[in-house]
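Visitor: Here is a sequence with its predicted model. Questions after.
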Amino acid sequence: MNLDMSDEIPDAHRAIFDVVARIPRGRVASYGEIAARAGLPGRARMVGKVLGLAPDDRPLPWFRVLRSDGRIAFPPRSAPYREQRARLIEEGVRVVAGRVDIKAFGWERDLDRELWGHP
């Protein structure tokens, strides 16, 4: 069930949406990292649930959010899994067996890459 504009969005949800919206193209972050950046440390599961409630009129790069070990959270071969994998690959993120190397593609993990782009 998605929230629409007539529903008031709780502050915690808005904070999560704002953080996810800032993940740069070609970068990924974990659910836990999103929770911490949103001021909700330890609430990684909440991030996943809240992303499912994102208003339809607010496009978010939900596909840039992964498990802490870099795995896609959806079941392999499911439609959401395939969509997330395809969107990440389209942005230049390397996905191998449903996993992304967080050290290589994590948000703000590599200062040289952040400053100068892809090698």
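Guide: Received the coordinates, thanks. The structure displayed is predicted, hence computed values, not measured ones. Numbers count the residues shown, from 1 in each chain.

Visitor: contacting residues for residue 69?
Guide: By Cβ atoms under 8 Å, 6 or more residues apart in numbering, residue 69 lies in contact with 99, 102. Using the backbone N, CA and C atoms, a C-beta is placed for each residue, glycine as well.

Visitor: sec struct for it, please.
Guide: Under DSSP: H, G, I helix; E, B strand; the rest coil, residue 69 falls in the coil class.

Visitor: now swap in the one 4 residues further on and tell me
Guide: Secondary structure of residue 73, reduced to three states by three-state DSSP: coil.

Visitor: Make 531 the starting number, not 1.
Guide: New numbering, starting at 531: the last item is residue 603.

Visitor: and it, how many neighbours does it have?
Guide: Residue 603 has 13 neighbouring residues, counting by other Cβ atoms under 10 Å.

Visitor: Surely it is in contact with residue 582?
Guide: No: counting by Cβ atoms under 8 Å, residue 603 does not reach residue 582; the two are 11.2 Å apart.

Visitor: Point to the residue nearest the middle of this structure.
Guide: residue 595 (2.1 Å; Cα atoms, centre = their mean).

Visitor: quick one: residue 566 and residue 558, what's the gap?
Guide: Residue 566 is 15 Å from residue 558, where distance means Cβ to Cβ, to the nearest Å.

Visitor: So the two - more neighbours on which side?
Guide: Neighbour count, other Cβ under 10 Å: between residue 566 and residue 558, residue 558 has more, with 25 against 17.

Visitor: residues contacting the residue nearest to residue 596 when sequence neighbours are not counted?
Guide: In space, and not counting its chain neighbours, residue 596 is closest to residue 558: 5.3 Å by Cβ to Cβ, 6 or more residues apart in numbering. Counting by Cβ under 8 Å, 6+ apart, residue 558 touches 594, 595, 596, 600, 618, 623, 630, 632, 635, 636, 637.
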